[in-house]
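1. the sequence isn't on hand, but the structure is:
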DNA sequence: TATTATATAGCACTTAGTGCTATACTCAGC
DNA sequence: GCTGAGTATAGCACTAAGTGCTATATAATA
């Protein structure tokens, strides 16, 4: 939270610099990328908790993520770990809700 | 488009039924899952166009999706196809903008 | 009781994802 | 002109995630 506040503040400053012409668009884009909030990792249990927060079955949750129920099962059992994009999707759901995937 | 209009209308009707107590929450959830908008497929070129819409380099775009630049390259060259969750992420970016991943 | 929905377990297969290196092409600044 | 940073493409090899399937177990429910 305090980290996010700092990042936000720095980001605002960068946007001001951009408006002032001190940073070109390219640099700005890279800056944005570097300032992307770090993707949070989830344990098997945390994934299950995240799903249950929305009272969704494994099948329904999988449908939202456009993956298979088998995959969600393995995540929750700790047999497999979600890869990059899947993890990002879990972060989005965690922070913005399952609805944004609708 | 006409398909989406139909789905939207049906969905609205279902929500009305839900409000009226004719459907319980569980059924409603499953209904929601079944009514999830179909995930759009993208050709290699369409992925590249999507990325360029946000004037992002492959590396930056990859960072947003929490994947590697190598993977984005292969998508755009048609050497690999994005899997389920990756495709969902592309759909989200397409429909809601790259910002929602921030 | 019978049935439906859900979750777990285990198997086998395929391929996406990843990392790395080398090459080539812009484009802006010296 | 030349140079260097940024970007994109190509090709290689490896690993593990993703997928599909079946069977079993449980809980809730009609």
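-> Now that the structure is in, tell me what you want to look at. The structure displayed is predicted, hence computed values, not measured ones.

2. how much space separates residue A:101 from residue A:65?
-> According to C-beta to C-beta, to the nearest Å, residue A:101 and residue A:65 sit 7 Å apart. Heads up, the C-betas are built off the backbone N, CA and C, glycines and all.

3. and for residue A:87?
-> Counting by C-beta to C-beta, the gap from residue A:87 to residue A:65 is 11 Å.

4. tell me which of the two has more neighbours.
-> With neighbours defined as other C-beta atoms under 10 Å in any protein chain shown, residue A:87 and residue A:65 compare such that residue A:65 has more, 25 against 20.

5. quick check: pLDDT value at that one.
-> Residue A:65 carries a pLDDT value of 97.

6. who touches it in this structure?
-> Residue A:65 sits next to A:72, A:86, A:89-90, A:93, A:101, B:84-85, B:88 when contact means C-beta atoms under 8 Å, 6 or more residues apart in numbering or on different chains.

7. circling back to that earlier point, okay, and the common contacts of residue A:101 and residue A:65?
-> With C-beta under 8 Å, 6+ apart as the test, residue A:101 and residue A:65 both reach A:89, A:93, B:88.

8. phi and psi next, for the last one.
-> Yep, that's residue B:88 we're talking about. For residue B:88, the backbone dihedrals are phi -60, psi -40 (criterion: degrees, to the nearest 10).

9. what subset of the contacts of residue A:65 is also close to DNA strand D?
-> A:86, B:84-85 (C-beta under 7 Å from any atom of the strand).

10. between those residues, which has the most around it?
-> residue A:86 (26 neighbours).

11. what kind of secondary structure is it in?
-> helix (DSSP: H, G, I helix; E, B strand; the rest coil).

12. read off the pLDDT value for whichever residue of chain A sits closest to DNA strand C.
-> Sorted by distance to DNA strand C under C-beta to the nearest atom of the strand, the residues of chain A start with residue A:84, at 3.1 Å. The model reports residue A:84 with a pLDDT of 96.

13. roughly how far apart are it and residue B:50?
-> In terms of C-beta to C-beta, residue A:84 sits 18 Å off from residue B:50.

14. what sits against the residue nearest to residue A:61 when sequence neighbours are not counted?
-> Nearest residue to residue A:61 in three dimensions, chain neighbours excluded: residue A:51, at 4.5 Å (C-beta to C-beta, 6 or more residues apart in numbering or on different chains). By C-beta under 8 Å, 6+ apart, the contact list for residue A:51 reads A:58, A:61, A:72, A:76.

15. distance of the second one from residue B:64?
-> Computed as C-beta to C-beta, the residue A:61 to residue B:64 distance reads 23 Å.

16. stretch A:80-98 near chain B anywhere?
-> Yes: contact of stretch A:80-98 with chain B (C-beta under 8 Å from any C-beta of the partner chain) involves A:82-89, A:91-92, A:96.

17. and the two most separated of those?
-> Farthest apart among the residues of stretch A:80-98 next to chain B by C-beta to C-beta are A:83 and A:96. That separation is 20.2 Å.

18. show me what from chain A comes close to DNA strand C.
-> So chain A meets DNA strand C at A:48, A:57-60, A:69-70, A:73, A:76-77, A:83-85 (C-beta under 7 Å from any atom of the strand).

19. just the buried ones from the residues you listed?
-> A:48, A:57-58, A:60, A:76, A:84-85 (16 or more other C-beta atoms under 10 Å in any protein chain shown).
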